[in-house]
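K.L.:
Take this sequence and fold it.
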Amino acid sequence: MKKLLMLGIGLISSSIILAQDITDAVRYSMDEIQGTARFRAMSGAFGALGGDMSAVNINPAGSAIFNNSHASLTLGYFDENSDVTYFNTTNSASNNNFDLNQLGATFVFINTNPNSPWNKFTFSMAYDRSADYDRDWLASGVNPTTSIGEYFYAYADGQRLDEISALPGETISEAYNEIGRFFGFGNQQAFLGFEGFIFDPVMDTDDNTAYTRNFAGTNFQQDYAFASRGYNGKLAFNLASSYEDRLYFGVNLNAHFINYERSTFLRETNDNATSSIRRVDFENNLLTTGSGFSFQLGGIAKLTEEFRVGLSYNSPTWFRINEETSQYLATTRIENGTSINQVVNPNVINIFPEYRLQTPGKLTGSLAYVFGRKGLLSFDYSVKDYANAEFRPTSDVFFSDLNNDITNRLQNAVSYRFGGEYRHKQFSFRGGYRFEESPYADNTFFGDLTGYSFGLGYNFGNVTADFSFSQAERDLNYQLYNVGLTSEANIQSRFTDVVLSLAFNI
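P.N.:
Residues are numbered from 1 along each chain as shown. A predicted model of the protein is given here:
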């Protein structure tokens, strides 16, 4: 059979057997530093300020603002509430977790040489969680036109029957595994649909490429459950220096970590007399792990004692990513008046070749005005071109097409943040506002983010305790599958964070 003849091609083409998509590029390109309570209370507007461990992640020159060695640790409660609407049915979802999201220290070394303008040097290490992937939600509703069967049919249409079916004597697991090795992800989906009797071949011959649907009619009840876990973490190693206490320069070398798990489950039912398929259960599981590297350069200038400006550059992050998937399908069909259950469980974990992802770089300009010991105002403006995200190797045909899609659909996105602080005796009162533009040119798919924050700090001397409350909102349209069933669930999310930090002069 042709399956055996394709061995050589299958081994060469193994890099494209999993269909990564544009959402993967966006997910790993977002860099929402959760940060210290002071940082969160001022909505992260710290690019020209420094003097905070999380500020080092915005502008690496910020550690040179410290006059004494400093350490901080932060615990946070993170809550997401969403309304998920799918074909006029709305479900509510809530996710929350409590975690250590920041830990770091800066060591200050004073230059005792009175003739040197470089009056101090700093070395810092800081860990910050830059993304939280804990999500659980359910989309349910009656789809008036499209069945999940279209997903499997789309992958089968035009494919040879012997490339989506088992050889004589092969088990489901063996056939699924071999089809994945030789022909890829799409043929595996077609195999599931064929074995689940979702479609039938027009002719029962190896070279058949046309199929008939076993699902028909309208009004398909669909319940789609989404669950994900994981995080994106960043470990920064920082060096910075102060020149005559007017100019500050810094550099970060960053290690990044990805751990992302996702499980989706769709149940579809219908009572259509013209449809032999009456129920479909379809489960998909994904495990993604990865590591990456980036660097940052930054500077802060005191134009006067009160007025400061900052500029920083975040390089792209160069990730190496590994993925594993597993799938399960079960169907119920009516055949000669009898209900038949069909389970297609390959019980196979697909382990895919490592691929590389380059996320876009970012440029941030900052302004700050410091009112002596009474308080301050700060503003950050950042630009990131998500269209520069790139899957590699670019010589891969699939990745080349995906990169073209990224160029066409993603855009240069801006974000800005305002923050302020007022001090009275040992107390500090803080507030902020932030706006982040959608990375998509069509922001109806993934909306802009707006948020506000406030907080309180108390200085005990060498120890400071800080509290912050922040809330942000973003809407998105989540597409269930890339082909066939491309219906979207509208998700309106509100993110609420309560953060407590302890900071120490050491």
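K.L.:
so what's residue 431 up against?
P.N.:
41-42, 419-420, 452-455 (CB atoms under 8 Å, 6 or more residues apart in numbering). For glycine as for every other residue, the C-beta is placed from the backbone atoms N, C-alpha and C.
K.L.:
ok, and for the host helix or strand of residue 98, which residues are buried?
P.N.:
Using DSSP states H and E, residue 98 maps to strand 89-110. Buried residues in strand 89-110, counting neighbours by 16 or more other CB atoms under 10 Å, are found at 91, 93, 95, 101-108.
K.L.:
if I look at residue 382, how far off is residue 130?
P.N.:
14 Å (CB to CB, to the nearest Å).
K.L.:
ugh, wrong one, residue 49
P.N.:
20 Å.
K.L.:
which of the two has more neighbours?
P.N.:
Using other CB atoms under 10 Å as the criterion, residue 49 and residue 130 rank with residue 49 on top: 27 against 21.
K.L.:
wait, that one sits on residue 61?
P.N.:
No: if you go by CB atoms under 8 Å, residue 49 and residue 61 don't touch, sitting 10.4 Å apart.
K.L.:
Show me the common contact partners of these two, please.
P.N.:
Common neighbours of residue 49 and residue 61 (CB under 8 Å, 6+ apart) are residue 310.
K.L.:
can you count the residues close to residue 141?
P.N.:
When neighbours are counted by other CB under 10 Å, residue 141 registers 20.
K.L.:
swap in residue 339?
P.N.:
10.
K.L.:
just the strands in the stretch 201-350 of the chain please.
P.N.:
211-213, 220-243, 247-269, 277-302, 307-314, 318-335, 338-344, 350-351 (DSSP state E, counting those that start in this stretch).
K.L.:
Kindly reformat those strands as a markdown table containing mean pLDDT.
P.N.:
Formatted as a markdown table, those follow (pLDDT from 0 to 100):
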| stretch | mean pLDDT |
| --- | --- |
| strand 211-213 | 97 |
| strand 220-243 | 96 |
| strand 247-269 | 97 |
| strand 277-302 | 97 |
| strand 307-314 | 97 |
| strand 318-335 | 96 |
| strand 338-344 | 96 |
| strand 350-351 | 92 |
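K.L.:
want to throw the ones you listed into TSV with distance to residue 33?
P.N.:
Below are the strands of the stretch 201-350 of the chain laid out as TSV (distance: least, CB to CB, whole Å):
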stretch	distance to residue 33
strand 211-213	49
strand 220-243	8
strand 247-269	11
strand 277-302	12
strand 307-314	11
strand 318-335	17
strand 338-344	43
strand 350-351	32
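K.L.:
chain center to stretch 417-434: distance?
P.N.:
Mean C-alpha position of stretch 417-434 versus that of the full chain (CA atoms, centre = their mean, to the nearest Å) differs by 30 Å.
K.L.:
scratch that, stretch 243-260
P.N.:
Worked out by CA atoms, centre = their mean, stretch 243-260 lies 22 Å from the chain centre.
K.L.:
mind saving the C-alpha coords of it as CSV?
P.N.:
What follows is stretch 243-260, C-alpha atoms only, in CSV (Å, rounded to 0.1, in the frame of the first residue of the first chain):
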residue,chain,number,x,y,z
TYR,A,243,27.0,57.8,36.4
GLU,A,244,27.3,60.9,38.6
ASP,A,245,23.9,59.9,40.0
ARG,A,246,22.4,61.5,36.9
LEU,A,247,22.6,58.7,34.2
TYR,A,248,21.7,55.1,34.9
PHE,A,249,22.4,52.2,32.6
GLY,A,250,21.5,48.5,32.8
VAL,A,251,21.3,45.2,31.0
ASN,A,252,19.3,42.1,31.7
LEU,A,253,20.0,38.5,30.6
ASN,A,254,16.7,36.6,30.9
ALA,A,255,15.8,32.9,31.0
HIS,A,256,12.2,32.0,30.2
PHE,A,257,10.2,28.9,31.0
ILE,A,258,6.9,27.7,29.5
ASN,A,259,4.7,25.0,31.0
TYR,A,260,1.2,24.9,29.4
